[in-house]
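K.L.:
have a look; sequence and predicted model below, questions after that.
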Amino acid sequence: MIAKLIEKVLNSLNAKLDVMKLSIIERISVILAFFMFAGVGMIMAVAVIIFLGIGLSEYFAAITGSIPMGYLIVSGIYILILVLILVFKKPINKWFAGLFISLLTSHEDEDEPKHPKQG
């Protein structure tokens, strides 16, 4: 009798441990997929920024009549964007932190039943 009870408790604990392992694996896979997607997106964004920068530099060079001036104008635009990023560092960090936290906690309460608000 006690042996059956102990066996049922151990089976229950093993089942909960397996569910926890699967939950961890799922969260890790969601995070890795996000980082892979973000990495590919950043590579594409860098390529677009480089080619847009070259195009803008040539455009400004045609307007000003000086190739170095065109590249200096685009460099100034890049510096302005960098300063804006540094000025808005905290909101940008909070946005990324919120995104990362939502990735980690998006599936947290799926197994628990939803209780209607009592009031």
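P.N.:
All right, it came through fine.
K.L.:
for the rest of this, base every contact and every neighbour count on C-alpha atoms.
P.N.:
Noted.
K.L.:
host element of residue 46?
P.N.:
helix 2-64 (DSSP states H and E).
K.L.:
any idea how far the helix or strand just after that helix is from the chain center?
P.N.:
Using DSSP H and E, the next helix or strand after helix 2-64 towards the C-terminus is helix 67-87. Mean-position distance between helix 67-87 and its chain equals 26 Å (C-alpha atoms, centre = their mean, to the nearest Å).
K.L.:
okay, now residue 40: neighbour count?
P.N.:
12 (other C-alpha atoms under 10 Å).
K.L.:
hang on, I meant residue 56
P.N.:
The local packing of residue 56 (other C-alpha under 10 Å) involves 16 other residues.
K.L.:
tell me who's in contact with the closest residue to it other than its chain neighbours.
P.N.:
In this structure, residue 56 finds its nearest non-sequential neighbour in residue 74, 6.8 Å apart by C-alpha to C-alpha, 6 or more residues apart in numbering. For residue 74, the contacting residues are 53, 56-57, by C-alpha atoms under 8 Å, 6 or more residues apart in numbering.
K.L.:
what do you get for residue 73?
P.N.:
Neighbouring residues of residue 73 by C-alpha under 8 Å, 6+ apart: 57, 60.
K.L.:
separation between it and residue 62?
P.N.:
12 Å (C-alpha to C-alpha, to the nearest Å).
K.L.:
per-residue confidence for the residue nearest to residue 56?
P.N.:
Per-residue confidence (pLDDT) for residue 74: 95.
K.L.:
state the distance from it to residue 43.
P.N.:
Distance of residue 74 to residue 43, given as C-alpha to C-alpha: 20 Å.
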